[in-house]
Structure formats: C-alpha cells, structure tokens
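Student: Structure for this input, please:
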Amino acid sequence: MKILVLGGAGYLADGIVDCLVRDGHAVTVYDNLLYQDYFLKEVEFIHGDIRDREKLSVLMPKYDTIVLLAGIVGDHACQVFPDKTAEINTDAPKWIFDNFHGKIFYMSTCSVFGKNDAVLNEDSDTLPLSLYASSKLEAEKHLLTTKPNALCLRLGTVYGRSGSHSRPRLDLVGNVLAAKAVLGKPLTVFGRQQSRPLINCLNVAEAVAFGLRNDISGMYVLSEDNYTLGEIAEKIAAMVPNAAVEYNDLNVEDMRNYKVDPSKFASHGWRPTFTFEDGIRSIFELVASGRIKDMDNPLYHNGKYLQKLSDI
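Tutor: I've put the predicted structure just below:
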C-alpha cells in the first residue's frame, strides 16, 4: 500500500514508520518539523502542515491509507496555544476525514475518560478534563460517524523510545521517572493512587501495523496494563540500585484517574511484544550514555518547548 503518515516525524511515528516499511508498504512522511529542523530517516519526506488544505488536496489522492499522528499533544502543550490547538487537533483532522476516501488510522487518547474509578472500555462514558482530551474526542467522534472503515486507537499513557530517529519525550510519567532514576534524583510522585493504563510506544507501532494487516476498523482502547502512579515509580526504582521514591499528595494538579480494559483489540489476536522493562531500559540507556545531556531541556517537553515560540 501507499501510506501517508501525517506527523510522521513525531515521537510515536518513528516506530510506526519502521513497522510499515518492514511490512513492505511505500511510506511517505508529511510533517512541519515543529520540534526539529531536520528529518534524517531514509523514507520519502514532504514538509508540510496539516492545516494546509491546498497542499493536502493535491497530495492525499495519491495514497491508499493515511495514518494521522499530527497534533499538539499533552495538556500543558495545548494550553500554550489554545486557538491553534483547535485548528490542529480538531479542525484539520475533520477536514481530512471528509476529504480522504481511503483507509484512515487515527491516534486518540485514553485521556478522554478523565476521572473514573471503574475499569473502562470503548462503550464507557467520557469526561475530558483538558483541552487536549476534548480536542481529540471531538475529532474522533467526527471520524467514527463519517468513516465506518477507519481505525481509531485510544492510547494509554505511552513510554519508552520509539526509534533511533525520534525526539525523546521526558514529559511522560514513565520516561521522566526513568531519567531521574538513572541520574540519582528522587522519583517524586504526585497523586500516588491515581491510575493510568500504560503502553510501550513500540507496541503502539506494532498495533498499527497489525491493524493494517488485518483490516481492523472501529474504535479501540490500547494498553498493556493499568498501574497507579505509585506503582510505576516503585517498578522503576526496583530496576536501579539505591533509587528513592518520594510521594507528594498535597500538590496534585492533574486529576486524571482511569483504568481501561483492552480486550476488544486483543480479541483480534494482537498481543504486546515489548514489556514495561524494555521501554524503561530504553530511556535508561539514552540518559546513562550521555545522549541526553540535560533532561530538563525544553526540547524534550512539549509544553515547555511551545512556550518558547511566538506562534505555531
């Protein structure tokens, strides 16, 4: 197949592109390089913004499949440019859904569940607590009502390293705690009893490839397992000698709390290949080797990086 990966230079995209190329597809990456000024991966590349309707109108008919990864990701990042977040996360995807006639793969988020003590699935009520979650939910609803053959994956909290060309993210709970552990810093946890479903970013890549191979459609939650934030910190600390965990339950800003049941996607035969330990070790290696010199550099934090910009 000829596949256009929108946002193909992003954190998750590296592994997804690798899996699609491995499966024999002709892959083109389309990205505006918001977080970097180069793209070194050896696949066809087109520089562009998903808000550029004129450019996409000419480009999209050349492809069988679109994988839509482009977006402003994370609560903090979306708050920096709220109007642009609506354009990028909601308006542009809606237009793409309405004007592309092939197969669409869309990455959404389990953040749409917000706060709920139950174990949730695809039929559970949503309660978005942030602009990020509400913008993604609006886009996915439009997709599912207009494109019954699309595949929408609501991802749990991702972690690990997607590939050798991707910009690491250290604003994700598993990654930031892994980096702190290697550097001998305390693993400070806010809201230790809050739950998150986790998914290794390499398992996300394998799930996209699996969905394409098996022509799966519909909406699915995707995760490996559910953990409290305290359990995540303790698991990481157990992998590093003398790592210390600290709890602070007095300054909790992120009220999200949800667990999910991923059995619907698993019913198609998919199983995660990579473990929690695999993903955490990939961050250990980046930091311990000196490939990341400063874990607080805004480059590794979506929101902090966007705060430096005057516009996007």
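
Student: Could I get the buried residue list for the helix ranked longest in the chain?
Tutor: Identified as the longest helix of the chain according to DSSP state H is helix 131-146. Buried residues in helix 131-146, counted by 16 or more other C-beta atoms under 10 Å: 131-144. Bear in mind the C-beta positions are built from the backbone N, C-alpha and C, glycine included.

Student: from those residues, which single one is nearest residue 1?
Tutor: For the buried residues of helix 131-146, the closest approach to residue 1 (C-beta to C-beta) belongs to residue 143, at 19.3 Å.

Student: sorry, back to before: average pLDDT across the longest helix of the chain?
Tutor: In this model, helix 131-146 has an average pLDDT of 97.

Student: Report all helices and strands that it contacts.
Tutor: Contacting helix 131-146 under the criterion 3 or more C-beta pairs under 8 Å, 6 or more residues apart in numbering; DSSP states H and E are the following elements: helix 75-80, helix 82-85, helix 92-99, strand 103-109, strand 151-155, strand 218-222.

Student: Turn the ones you listed into a markdown table, columns for mean pLDDT.
Tutor: Below are these laid out as a markdown table (pLDDT from 0 to 100):
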| stretch | mean pLDDT |
| --- | --- |
| helix 75-80 | 97 |
| helix 82-85 | 97 |
| helix 92-99 | 98 |
| strand 103-109 | 98 |
| strand 151-155 | 98 |
| strand 218-222 | 98 |
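
Student: Please produce CSV containing the buried residues of helix 131-146, extended by distance to residue 81.
Tutor: Below are these laid out as CSV (distance: C-beta to C-beta, whole Å):
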residue, distance to residue 81
131, 10
132, 12
133, 16
134, 15
135, 12
136, 16
137, 19
138, 17
139, 17
140, 21
141, 23
142, 21
143, 23
144, 26
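
Student: wait, which of those is closest to residue 179?
Tutor: residue 132 (22.4 Å).

Student: the helices in the protein, which residues?
Tutor: Per DSSP H, the chain has helices spanning 13-22, 53-59, 75-80, 82-85, 92-99, 131-146, 173-182, 201-213, 229-237, 263-266, 276-288, 302-307. These are given in chain order.

Student: Packing partners of the first one?
Tutor: Using 3+ C-beta pairs under 8 Å, 6+ apart as the contact definition, the elements that helix 13-22 packs against are strand 2-6, strand 26-31, helix 201-213.

Student: Put together JSON lines for those, with mean pLDDT and distance to residue 110 on each row.
Tutor: Converted to JSON lines, the helices and strands packed on helix 13-22 look like this (pLDDT from 0 to 100; distance: least, C-beta to C-beta, whole Å):
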{"stretch": "strand 2-6", "mean pLDDT": "98", "distance to residue 110": "21"}
{"stretch": "strand 26-31", "mean pLDDT": "98", "distance to residue 110": "24"}
{"stretch": "helix 201-213", "mean pLDDT": "98", "distance to residue 110": "12"}
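
Student: Please consider this matter closed, and thank you.
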